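In: sequence plus predicted model, see below.
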Amino acid sequence: MIKAQFFGEEILSNSKEAFSLYEKSRFGEKKRNKIKYSLVEALFLKITNKMEVFSINKNLTEEQLFRKIKRIDKRIDIKLPVFSDMREKGHILKTALKFGAEFRVYKKGIKPGKDHALWLLYPVKESENHSWYDFAAKNRVANSTKKKLLIGIVDDEEDVSYYEISWLKP
């Protein structure tokens, strides 16, 4: 099991298990002699019993970790079901903040660095309202980065439906 530390807004591990899981499944990012996890990755690994997260030498429960992360990321409850569903389907997800999206999603079997992500993924709540301008902006960013837009809609039961959007050339 991976043992990780929560420092400020970062979750880091230098355990051999962390490096092993990174090589196998690309969880986290190598940063010098540590693996740095996104908040949603760490929460997913905690829920799936692959990680223990410590804060000031205290092993956080799943609920404590969720509350700590929720203070940092108000949308974690929308991101987590989408992240979990895509990971369980075999996709690798990485953050996509520089693209203005939540996640870059790699095709099954493709590891980051070996090829480009196929999709930019935006998780949204079914009950949220979105404008056509917002939709067009997301689609333009995906198109300009040679990726398809993927919208993951989370319903009240935390089931996720996906809609892939791409440009058609007449």
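Out: Ah, there it is.
In: toward the C-terminus from the helix or strand bottoming out on mean pLDDT in the chain, list the very next helix or strand.
Out: Lowest on mean pLDDT, DSSP states H and E among the helices and strands of the chain sits helix 132-144, with a mean of 83. Moving toward the C-terminus from helix 132-144, the next helix or strand (DSSP states H and E) is strand 148-154.
In: show residues contacting that next one.
Out: 78, 81-82, 85-86, 105, 118-126, 138-139, 142-143, 160-166 (CB atoms under 8 Å, 6 or more residues apart in numbering). (Glycine included, C-beta is placed from N, CA and C.)
In: three-state assignment of the residue lying closest to residue 27 once chain neighbours are set aside?
Out: Nearest residue to residue 27 in three dimensions, chain neighbours excluded: residue 21, at 5.1 Å (CB to CB, 6 or more residues apart in numbering). For residue 21, the secondary structure call by DSSP: H, G, I helix; E, B strand; the rest coil comes out as helix.
In: how near is residue 24 to residue 13?
Out: Between residue 24 and residue 13 the distance is 15 Å, computed by CB to CB, to the nearest Å.
In: quick one: which of those two has more around it?
Out: residue 13 (25 against 9; other CB atoms under 10 Å).
In: and for that one, nearest residue in space, chain neighbours not counted?
Out: Leaving out its chain neighbours, the residue that sits closest to residue 13 by CB to CB, 6+ apart is residue 4, at 4.0 Å.
In: in the sheet, who's paired with the one you found?
Out: With DSSP bridges as the criterion, residue 4 is bridged to residue 53.
In: ok, it - contacts?
Out: Residue 4 neighbours (CB under 8 Å, 6+ apart): 11-13, 15, 18, 37, 42, 51-54.
In: for those residues, which one is nearest residue 67?
Out: residue 53 (12.2 Å; CB to CB).
In: surely the closest one touches residue 46?
Out: Yes - Residue 53 is within contact range of residue 46, at 5.8 Å (criterion: CB atoms under 8 Å).
In: shared neighbours of those two, which are they?
Out: Common neighbours of residue 53 and residue 46 are listed as 60, 65 (criterion: CB under 8 Å, 6+ apart).
In: confirm that residue 162 sits in a strand.
Out: Yes - the assignment for residue 162 by three-state DSSP puts it in a strand.
In: how deep is it tucked in, by neighbour count?
Out: If you count neighbours by other CB under 10 Å, residue 162 ends up with 16.
In: residues touching it, list them.
Out: Residue 162 makes contact with 150-153, according to CB under 8 Å, 6+ apart.
In: residue 31 now?
Out: Residue 31 neighbours (CB under 8 Å, 6+ apart): residue 12.
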